[in-house]
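Participant: from the sequence below, what's the structure:
(2 chains)
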Amino acid sequence: GESVGLHLPTLSVQEGDNSIINCAYSNSASDYFIWYKQESGKGPQFIIDIRSNMDKRQGQRVTVLLNKTVKHLSLQIAATQPGDSAVYFCAEKREDSNYQLIWGAGTKLIIKP
Amino acid sequence: DAGVIQSPRHEVTEMGQEVTLRCKPISGHNSLFWYRQTMMRGLELLIYFNNNVPIDDSGMPEDRFSAKMPNASFSTLKIQPSEPRDSAVYFCASSFIGSGEKLFFGSGTQLSVL
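Facilitator: Modelled structure (predicted):
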């Protein structure tokens, strides 16, 4: 049969606007969540993380929100810049593992000038 | 800190040839991971070392793949013999487990098997 490639969800945002990238995670027993940014030709780069005992954490221009009730994670980027163009991955870690991350498929963020 | 260093950045080889990918983790990190990334499957964990010992190799596709970590500052991933379906980007990452689970990734090796 015909193989189907992995088509990344894409989010297009005007430069200067805020971006919100969403992620649904799979396991209610996950205790740690992390966001990575991957630019073309580079490895994933850590952005921000959050533990399950928190529902919000802020960094420089980024905020991660965790809703455990609906198993939803979001990354908010304030005042989006051209350098924010990348693929963004969320990952979760189950509480019974100290190393195994379960990765999301990724979201491609495109910045419109 | 130079970060995680991988070599080569690009490798083009013919089917059946042996391929060796190299990784130098961040000094002081006690955990090392080899990942493979493709459009079809995304990021897949191949093998995880802790204190130079392989802890989880359940992600290694088959016996053609092997990985070693002879010391805390060096690891290799070998594919012998290579096949076209092995074409992917291979990433090495390191971390200090127990001090947060944050992984630091290298720039990857783009492998093309013809």
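
Participant: now residue A:63. Nearest residue, chain neighbours left out?
Facilitator: Once flanking residues are discounted, residue A:63 sits nearest to residue A:76: 4.4 Å by CB to CB, 6 or more residues apart in numbering or on different chains. C-beta coordinates here come from the backbone N, C-alpha and C atoms, glycine included.

Participant: what bridges to that neighbour?
Facilitator: residue A:20, residue A:63 (DSSP bridges).

Participant: so who does it touch?
Facilitator: If you count contacts by CB atoms under 8 Å, 6 or more residues apart in numbering or on different chains, residue A:76 has them with A:18-21, A:62-65.

Participant: and if you look at residue B:12?
Facilitator: Residue B:12 neighbours (CB under 8 Å, 6+ apart): B:112, B:114.

Participant: closest residue of chain A to chain B?
Facilitator: Of all residues in chain A, the one sitting closest to chain B is residue A:43 (3.3 Å; CB to the nearest CB).

Participant: near chain A, which residues of chain B are found?
Facilitator: By the criterion of CB under 8 Å from any CB of the partner chain, the positions of chain B lying close to chain A are B:4, B:31, B:33, B:39-43, B:45, B:48, B:50, B:55-56, B:91, B:93, B:97-98, B:100-108.

Participant: any of the residues you listed buried? List them.
Facilitator: B:4, B:31, B:33, B:42-43, B:45, B:48, B:50, B:56, B:91, B:93, B:97, B:101, B:103-108 (16 or more other CB atoms under 10 Å in any protein chain shown).

Participant: tally of neighbours for the residue nearest to residue B:79 when sequence neighbours are not counted?
Facilitator: Nearest residue to residue B:79, sequence neighbours excluded (CB to CB, 6+ apart): residue B:19, at 4.5 Å. Residues near residue B:19, counting by other CB atoms under 10 Å in any protein chain shown, number 21.

Participant: how near is residue B:19 to residue A:26?
Facilitator: Separation of residue B:19 from residue A:26 (CB to CB, to the nearest Å) stands at 33 Å.

Participant: next one, pLDDT for residue B:61 please.
Facilitator: As predicted, residue B:61 sits at a pLDDT of 88.

Participant: typo on my end, it should be residue A:61
Facilitator: pLDDT, residue A:61: 96.

Participant: just checking, it touches residue A:48?
Facilitator: No. In this structure, residue A:61 is not within contact of residue A:48 by CB atoms under 8 Å, at 10.1 Å.

Participant: between the two, which one's more packed in?
Facilitator: More crowded of residue A:61 and residue A:48, by other CB under 10 Å: residue A:48, with 18 against 14.
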